[in-house]
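> Got a predicted structure plus its sequence, pasted below:
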Amino acid sequence: MTGNGHRDYLRIATEEAFAPPEVISEWRGLLERGDIDPGFASLWGFFLTTRAERPQNVVARLQDLGERRLSDMDFTGIDKQIISLTAPGTQIFDTDRATGIATLANDQLADACRAHPDRFAGLTAVAPQDPDAAAKEIERGVTQLGFNGVIINSHTHGEYLDNQKFWPILEAAEAQDVPIYLHPNTPSRGLIGPIVEQRLDGAIYGFAVETGLHLLRMIVAGVFDRFPRLRLVVGHLGEALPFWLYRLDYMYASRVSGRGGQSVELLPSEYLKRNVWITTSGMAWEPAIQFTRQVLGGDRVMYAMDYPYEFEADEVRTHDELALTAGERRELFQGIAERVFKLDTAAAKG
């Protein structure tokens, strides 16, 4: 365990990715066979076929749940990672293969968390293609593997969690009292056309479009009325939605609900402030962090790095140097994550 120096808080990074070697191999096979989702082909075609140093390093680091990851954490001063299966995870496969991939990934991640309980925590991967099996895997993840939440990599073959066929997953997360991390995926086939044409489909823009849309669909479809205790975590400072709060509320109240759209109990901003927590993954920019804290509340925003896609010591220092009180800084890095993910950080503090 790296020492905390003068700090009286832990740096807990809450959106940190991995992928078992078997999953990387399966993705290579999909690329070789062709006729696949265009977003997957664009994103993972880059990472798995480009010989440049950065994509190769990302792929290597994704597969490591041991010394290299721990060394990188020490280098950047991260005390604990909350680790989850990277996009698209299971959600690019057919149902049977997806279920097997989820089990394999969860077993490997659980082994790593048991080996390094003070450094790693995990989120349960599921195959939304089989919602009932996914619900059972959430229960196994919490009760047997000791995981602290669920990872959903946005759409599953172009379908979203507002579709009631996926609601057993939401029921299970609510019943187990664990959050769902709604992580980006590349835009679905119906959304990606003009985005991918100009290579805007990944982290530069497409991720935010896809995941912000997904969350907004859930809000206006009444998901959080049906599951009022459901907790969602969204990265990248809320995938742009906090910056649209005024317009979202105004237009929903004046147009969407008034022209036959689904009527929900609250305004969009009220669900974001009740059911959703935001992380700073990939957004080490003080004006945006402070704005998001201002409009959603300081108790809604917590730290994430987005390792290994983002791996910069300077961005950790940016967060350290935010214009916050000592108590606010501790909450950003540690306190909120402890409560939302129900983390036991006693070992890390020792």
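Done, it's in.
> Tell me which residues touch Ile152, please.
Gln91, Val126, Pro128, Leu161, Ile169, Ile180, Tyr181, Leu182, His183 (Cβ atoms under 8 Å, 6 or more residues apart in numbering). Any C-beta I mention is one placed from the backbone N, CA and C, and that applies to glycine too.
> The first one: neighbouring residues, count only.
As a burial measure, Gln91 scores 25 neighbours (other Cβ atoms under 10 Å).
> Select the longest helix from the protein.
As assigned by DSSP state H, the longest helix anywhere in the chain is helix 95-115.
> average pLDDT across the helix or strand following that helix?
Going down the chain from helix 95-115, the next helix or strand is strand 120-122, by DSSP states H and E. Across strand 120-122, the average pLDDT comes to 98.
> Following element in sequence after strand 120-122, please.
With elements assigned by DSSP H and E, the helix or strand that comes after strand 120-122 is strand 124-125.
> For that next one, enumerate the helices and strands it packs against.
Applying 3 or more Cβ pairs under 8 Å, 6 or more residues apart in numbering; DSSP states H and E, one finds that strand 124-125 makes contact with helix 95-115, helix 131-143, strand 150-152.
> Tell me how far the shortest one lies from the chain's centre.
Relative to its chain's centre, strand 150-152 lies at 7 Å (Cα atoms, centre = their mean, to the nearest Å).
> tell me the mean pLDDT for stretch 67-74?
On average, stretch 67-74 scores 98.
> Stretch 32-49 too?
92.
> again with stretch 9-22
98.
> Quote the end-to-end distance of that stretch.
36 Å (Cα to Cα, to the nearest Å).
> Also stretch 229-237?
Note: stretch 229-237 ends 22 Å apart using Cα to Cα.
> List the contacts of that stretch.
14-15, 149, 170, 173-174, 177-184, 207-208, 211, 215, 218, 223-224, 241, 275-283, 288-289, 292, 301, 304, 306, 340.
> Quick check, pLDDT for His6.
If you check His6, the pLDDT there is 65.
> typed the wrong thing, it's Leu191
Looking at Leu191, its pLDDT stands at 94.
> That one: helix or strand, and which one exactly?
Element membership of Leu191, judged by DSSP H and E, is helix 189-197.
> thinking again about what came up before, pick the most deeply packed of the helices and strands packed on strand 124-125.
strand 150-152 (a mean of 29; mean count of other Cβ atoms under 10 Å).
> helices or strands next to the longest helix of the chain in the packing?
For helix 95-115, the packing partners by 3+ Cβ pairs under 8 Å, 6+ apart come out as helix 21-33, strand 80-85, strand 120-122, strand 124-125, helix 131-143.
> what sits against the residue nearest to Arg97 when sequence neighbours are not counted?
With Cβ to Cβ, 6 or more residues apart in numbering as the criterion, Arg97 has its nearest non-adjacent residue at 7.5 Å, and that residue is Glu26. Residues near Glu26 by Cβ under 8 Å, 6+ apart: Phe93, Arg97, Ile101.
> Next: Tyr307.
So Tyr307 contacts Ala13, Glu16, Ala17, Arg61, Arg69, Asp72, Ile78, Gln81 (Cβ under 8 Å, 6+ apart).
> okay, stretch 330-348 in CSV with CA atoms only?
Below are the C-alpha coordinates for stretch 330-348, written out as CSV (Å, rounded to 0.1, in the frame of the first residue of the first chain):
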residue,chain,number,x,y,z
ARG,A,330,-12.0,14.3,1.2
GLU,A,331,-15.6,13.8,0.0
LEU,A,332,-14.6,14.1,-3.6
PHE,A,333,-11.9,11.5,-3.4
GLN,A,334,-13.2,9.1,-0.7
GLY,A,335,-16.3,9.8,1.3
ILE,A,336,-18.9,9.8,-1.5
ALA,A,337,-17.4,6.6,-3.1
GLU,A,338,-17.5,4.9,0.3
ARG,A,339,-21.2,5.6,0.7
VAL,A,340,-22.4,5.0,-2.8
PHE,A,341,-20.4,1.8,-3.3
LYS,A,342,-20.4,0.7,0.4
LEU,A,343,-16.7,0.3,0.5
ASP,A,344,-14.8,-1.0,3.4
THR,A,345,-11.6,1.1,3.4
ALA,A,346,-10.4,0.1,6.9
ALA,A,347,-7.6,-2.1,5.4
ALA,A,348,-6.5,0.7,3.1
